[in-house]
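Asker: Following is a predicted model, sequence given first.
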Amino acid sequence: MTCHLAPAWRRSAVWALPLLWTFILGLWGLSRQDTLWRDEAATWQVARRPLGEIWHMLGQVDAVHGLYYLLMHGLFECFGPGTTTLRLPSVLATSLAAACVAETAHRLAGPSAGLAAGLAFGLIPAVQFYLQEGRSYALIALGAGISTLLLVTLLEGGRRRRWTAYGVTVLVCALLNWLSLLILPAHLATLAWVRAERGTWTRWAVASAAAVAGASPLILFSRGQSEQISWIPSLSWHMMIGPAVLLLIGGIGAVADRPRPGRLSVAAVGLPLLAVPHIGLIVLSLFRPLFLDRYVLFGLLGLALLIGAALGAAAASVAKRFQRMSSWLLPVAVVAAVSALLPQLQAKRSPASRIDDVLAVAADVKRLKKPGDAVLFIPAARRDTALVSPDAFADLRDVALAESPAVSGTLKGLEAGPGRIRADLLTQRRILLVTDAHEVARPVSGARDEAKMSVLRTFFTAVADRQVLGRRVTVYERRP
């Protein structure tokens, strides 16, 4: 019995150790010193709304994140709102994705490559950033890991019913963010590389078409809400540096795997998974600015596979001459990687790793406010501070707000026209302005915000000013 258990334990350790390793990394500094930045604030304030209000909002904005908001609403209802509830799903998803990477590499290149790939995934800096993020990108990476593992299993002769699981997994990822469908051309490239049989091509095409068809209503509907991503900058050459470096590293790993056409290998799976989503997003961004690396975070599964293949090949090469030394190669590589990346690992867990903190400025508002004060937000999106910390803004009149976010079905509410805002401001004696800190603030634009600043500069005097972690609150009093 012991003889049978030992090989089984070793095989399980290939995926279990990366899962545990990544989970521990995820728990380290999870609260980020009790801070919450603007992207996570969107998840927080939407997830706390009743289901009817969430559904109303998705008809106006952010339909592309609807499934994720509904998931987080359920978790907040069960476990209560908090940074642990907000971020732990991403930690669990990334940990399971690391296990999928390890098992995929194990199947393709052996246990050493599998263990190395799984451990490497959790250490990639971009993965570290989204490992503790209250957004959907880690969940999409998990779905990509599952679908890739299923594809490899099917190419090795797995049961045909798994094509259904493959299609469902791709569909769920698309419902979390339809840009995840870029994994399909990556898998198509893998099928072409390994010269898959006609029956395999047919079943893949059916499963993929079903997933695309299932996601099509969301894709078509969310295109009408494209204004919400109008802030994404146009593609520029310096945006290509990151993908180029990733492809260079991945290419080295692919060469180490000694790929051959027609053979299922780590290179045949990992290189397309890394390259195709990045290149696809770049191509799409030529027509409409879309390039954000988080949209193709799942492509880093391919990078981890290729790193694992390179380390596995190195261990095999060393073993030919120095059998005992080969067993130390992976532990030494992990220690070296952690030592080199430790400053980044620590930085990702600090409040300064994000552009702002909506909770810190709320605490300042609570200290500075007085009875009868009004509050202004420039831009209106900075109202997220009040939505996440309503107690801090209790008894403050939101002087520019015409319809609340809940009533208007938006993330930031609807504000009155410039004339109405100007007239209401002139009736106030003391106003708290919540805006971005100087180092991250953009020039004031839009008629409403220009009207706000014009009145403040002309009729009010700043008597107090606090800046903390990317946000700023300034107290204005009416001039005599």
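Answerer: Arrived safely.
Asker: can I get the CA coordinates of the helix or strand harbouring Ala267 in CSV?
Answerer: Ala267 is part of helix 266-285 when elements are defined by DSSP states H and E. As requested, the backbone C-alpha atoms of helix 266-285 are provided in CSV (Å, rounded to 0.1, in the frame of the first residue of the first chain):
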residue,chain,number,x,y,z
VAL,A,266,4.8,23.2,-23.2
ALA,A,267,5.9,25.5,-26.0
ALA,A,268,2.9,24.5,-28.2
VAL,A,269,0.5,25.5,-25.3
GLY,A,270,2.4,28.2,-23.4
LEU,A,271,3.8,30.3,-26.2
PRO,A,272,0.4,30.9,-28.0
LEU,A,273,-1.3,31.4,-24.6
LEU,A,274,1.3,34.2,-23.8
ALA,A,275,1.6,35.8,-27.2
VAL,A,276,-1.8,35.6,-28.9
PRO,A,277,-3.9,37.5,-26.2
HIS,A,278,-1.3,40.3,-26.0
ILE,A,279,-1.0,40.6,-29.8
GLY,A,280,-4.8,40.3,-30.2
LEU,A,281,-5.4,43.1,-27.6
ILE,A,282,-2.8,45.3,-29.4
VAL,A,283,-4.6,44.8,-32.7
LEU,A,284,-8.0,45.6,-31.2
SER,A,285,-6.5,48.7,-29.7
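Asker: Who are the packing partners of it?
Answerer: Packed against helix 266-285, as judged by 3 or more Cβ pairs under 8 Å, 6 or more residues apart in numbering; DSSP states H and E, are the following elements: helix 83-109, helix 137-155, helix 183-194, helix 241-256, helix 300-321. C-betas here are computed from N, CA, C, even on glycine.
Asker: got the angle for the following helix or strand past the third one vs helix 137-155?
Answerer: To tie it back to what came earlier, the one meant is helix 183-194. Scanning forward in sequence from helix 183-194, with DSSP H and E defining helices and strands, the next element found is helix 198-223. Calculated by axes from the mean of the first three to the mean of the last three Cα atoms, to 10 degrees, helix 198-223 forms an angle of 160 degrees with helix 137-155.
Asker: Identify each buried residue in helix 198-223, please.
Answerer: Neighbour-count burial for helix 198-223, with 16 or more other Cβ atoms under 10 Å as criterion, is recorded at Thr200, Arg203, Trp204, Ala207, Ser208, Ala210, Ala211, Val212, Gly214, Ala215, Leu218, Ser222.
Asker: confidence score at the fourth one?
Answerer: When you say that, I think you mean Ala207. Turning to Ala207, the model gives it a pLDDT of 97.
Asker: what helix or strand is the residue lying closest to it once chain neighbours are set aside on?
Answerer: Using Cβ to Cβ, 6 or more residues apart in numbering and skipping the chain neighbours, the partner closest in space to Ala207 is Gly167 (3.5 Å). Following DSSP H and E, one finds Gly167 within helix 162-176.
Asker: For that helix, the averaged confidence score.
Answerer: In the prediction, helix 162-176 has an average pLDDT of 97.
Asker: what's that helix in contact with?
Answerer: With contact meaning Cβ atoms under 8 Å, 6 or more residues apart in numbering, helix 162-176 is reached by 65-68, 136, 139-140, 143-144, 146-147, 150-151, 153-154, 180-181, 183-184, 203-204, 206-208, 210-212, 214-215, 218-219, 298.
Asker: Just the buried residues of it, please?
Answerer: 162-163, 165-176.
Asker: Return the alpha-carbon coordinates of that helix using PDB.
Answerer: Extracted as PDB, the C-alpha positions of helix 162-176 are listed here (Å, rounded to 0.1, in the frame of the first residue of the first chain):
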ATOM      1  CA  ARG A 162     -15.000  17.300 -21.300                       C
ATOM      2  CA  TRP A 163     -15.600  19.500 -24.400                       C
ATOM      3  CA  THR A 164     -18.800  20.600 -22.700                       C
ATOM      4  CA  ALA A 165     -16.800  21.600 -19.600                       C
ATOM      5  CA  TYR A 166     -14.400  23.400 -21.900                       C
ATOM      6  CA  GLY A 167     -17.100  25.400 -23.600                       C
ATOM      7  CA  VAL A 168     -18.900  26.200 -20.300                       C
ATOM      8  CA  THR A 169     -15.600  27.400 -18.700                       C
ATOM      9  CA  VAL A 170     -14.800  29.700 -21.700                       C
ATOM     10  CA  LEU A 171     -18.400  31.100 -21.500                       C
ATOM     11  CA  VAL A 172     -18.100  31.900 -17.800                       C
ATOM     12  CA  CYS A 173     -14.900  33.700 -18.400                       C
ATOM     13  CA  ALA A 174     -16.500  35.700 -21.200                       C
ATOM     14  CA  LEU A 175     -19.300  36.700 -18.900                       C
ATOM     15  CA  LEU A 176     -16.800  38.000 -16.400                       C
END
